[in-house]
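Trainee: predicted coordinates and the sequence they were generated for:
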Amino acid sequence: MSSKEHHLVIINGVNRGFGHSVALDYIRHSGAHAVSFVLVGRTQHSLEQVLTELHEAASHAGVVFKGVVVSEVDLAHLNSLDSNLARIQSAAADLRDEAAQSTRTITKSVLFNNAGSLGDLSKTVKEFTWQEARSYLDFNVVSLVGLCSMFLKDTLEAFPKEQYPDHRTVVVSISSLLAVQAFPNWGLYAAGKAARDRLLGVIALEEAANNVKTLNYAPGPLDNEMQADVRRTLGDKEQLKIYDDMHKSGSLVKMEDSSRKLIHLLKADTFTSGGHIDFYDE
């Protein structure tokens, strides 16, 4: 563990599921001596519960920890997106200022784009209305563009390469096999994940000179609530049987196994920026 590493991490969708697991494993396995978290989500109470868990994990791991919550954020509502982005930006700025005053300067800034939705898996593309598509893409793509744009502008302004040549910036999107391979009944979900993957690919090219890297990480078929929703709603019977069999046999991916792999990938920092890595990849 490096005595000099202090990471500022912004993560959404952290109150449960994979985002929750990622946050805990970042504390345990990132290798940073100090971690400052901005936890973004809808409900204050659940975010404060996660904050308490992170404090406990940091204490056990010997990590200096500071965390703040930005609640009442629903990325599906674009009419409040600007104000919510400003609140997230302000929380990050406060943590940077506090770090500077304590002489533990931020050495790495990370944005985890974890929040997302399945869409209606009972439908095929011909059954969707354009209104449904717009609503889905507003939440899963448009808000992500806004969040990435804010994060990059804010971070690169705070840590210009000329003054902070060793500072690293990382943007992570939780992706899926559906981003690179089509399956029936996943039209909106696949379109959203593919768009997110390609957006991060573009960022990787645009910002390479500014010590920015991006990673699209597909966590595998996780044993969580979202996968249970898939098994309840998926219209394609062939896929449904595969997921049911995986669930019954206990072969769905454990969230902690996948989140640990993601954090180890970020720690090693040998991945190709803009690329797509699956849990099952060697």
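Mentor: Great, that's in hand.
Trainee: what ranges does the stretch 151-282 of the chain have for its strands?
Mentor: All strands of the stretch 151-282 of the chain, identified by DSSP state E, counting those that start in this stretch, fall at 168-174, 212-218, 275-278.
Trainee: just send the ones you listed back as CSV, with distance to residue 85 too.
Mentor: For every residue, glycine as well, the C-beta is placed using N, CA and C. Formatted as CSV, the entries for the strands of the stretch 151-282 of the chain read as follows, by distance: least, C-beta to C-beta, whole Å:
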stretch, distance to residue 85
strand 168-174, 15
strand 212-218, 18
strand 275-278, 26
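Trainee: most tightly surrounded among those strands?
Mentor: strand 212-218 (a mean of 25; mean count of other C-beta atoms under 10 Å).
Trainee: tell me what that strand is packed against?
Mentor: Contacts of strand 212-218 with other secondary structure elements, assessed using 3 or more C-beta pairs under 8 Å, 6 or more residues apart in numbering; DSSP states H and E, are made with strand 168-174, helix 187-206, helix 255-268, strand 275-278.
Trainee: buried ones in stretch 125-137?
Mentor: Within stretch 125-137, the residues that qualify as buried are 133, 135-137, counting by 16 or more other C-beta atoms under 10 Å.
Trainee: among the residues you listed, which lie within helices?
Mentor: With helices identified by DSSP state H, the entries of the buried residues of stretch 125-137 that belong to them are 133, 135-137.
Trainee: out of the strands of the stretch 151-282 of the chain, the one nearest residue 251 is which?
Mentor: strand 275-278 (15.6 Å; C-beta to C-beta).
Trainee: all helices for the protein, in order.
Mentor: Chain-ordered helices for the chain, with DSSP H as the definition, fall at 17-29, 44-61, 81-101, 130-137, 143-158, 187-206, 225-233, 237-249, 255-268.
Trainee: kindly reformat those helices as a markdown table containing mean pLDDT and distance to residue 214.
Mentor: Formatted as a markdown table, those follow (pLDDT from 0 to 100; distance: least, C-beta to C-beta, whole Å):
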| stretch | mean pLDDT | distance to residue 214 |
| --- | --- | --- |
| helix 17-29 | 95 | 16 |
| helix 44-61 | 95 | 24 |
| helix 81-101 | 96 | 18 |
| helix 130-137 | 96 | 20 |
| helix 143-158 | 97 | 9 |
| helix 187-206 | 98 | 4 |
| helix 225-233 | 91 | 23 |
| helix 237-249 | 94 | 29 |
| helix 255-268 | 97 | 11 |
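Trainee: count the neighbours of residue 281 for me.
Mentor: Burial measure for residue 281: 11 neighbouring residues, criterion other C-beta atoms under 10 Å.
Trainee: how about residue 79?
Mentor: Here the neighbour count serves as a burial measure; for residue 79 (other C-beta under 10 Å) it reads 6.
Trainee: so residue 156 makes contact with residue 206?
Mentor: No - here residue 156 does not reach residue 206: they are 11.1 Å apart, not a contact under C-beta atoms under 8 Å.
Trainee: the two: which has the busier surroundings?
Mentor: Residue environment comparison for residue 156 versus residue 206 gives the larger neighbour count to residue 156, 18 against 13, counting by other C-beta under 10 Å.
Trainee: check contacts around the residue nearest to that one when sequence neighbours are not counted.
Mentor: Leaving out its chain neighbours, the residue that sits closest to residue 156 by C-beta to C-beta, 6 or more residues apart in numbering is residue 210, at 5.6 Å. The contact partners of residue 210, taken as C-beta atoms under 8 Å, 6 or more residues apart in numbering, are 156, 161, 169.
Trainee: re the thing from before, tell me which of the helices and strands packed on strand 212-218 is the most buried.
Mentor: Sort the helices and strands packed on strand 212-218 by mean neighbour count, taking mean count of other C-beta under 10 Å, and strand 168-174 sits at the top with a mean of 23.
Trainee: tell me which strands it pairs with, and in which orientation.
Mentor: When pairs are called by DSSP bridges, strand 168-174 turns out to pair with strand 108-113 (parallel), strand 212-218 (parallel).
Trainee: skip the chain neighbours and tell me the closest residue to residue 75.
Mentor: Residue nearest to residue 75 in three dimensions, not counting chain neighbours: residue 143, with 3.9 Å by C-beta to C-beta, 6+ apart.
Trainee: how about that neighbour, what does it touch?
Mentor: The contact partners of residue 143, by C-beta under 8 Å, 6+ apart, come to 75-76, 78, 81.
Trainee: tell me the two of those residues that are most distant?
Mentor: Put simply, by C-beta to C-beta the two of the contacts of residue 143 set farthest apart are 76 and 81, 9.5 Å from each other.
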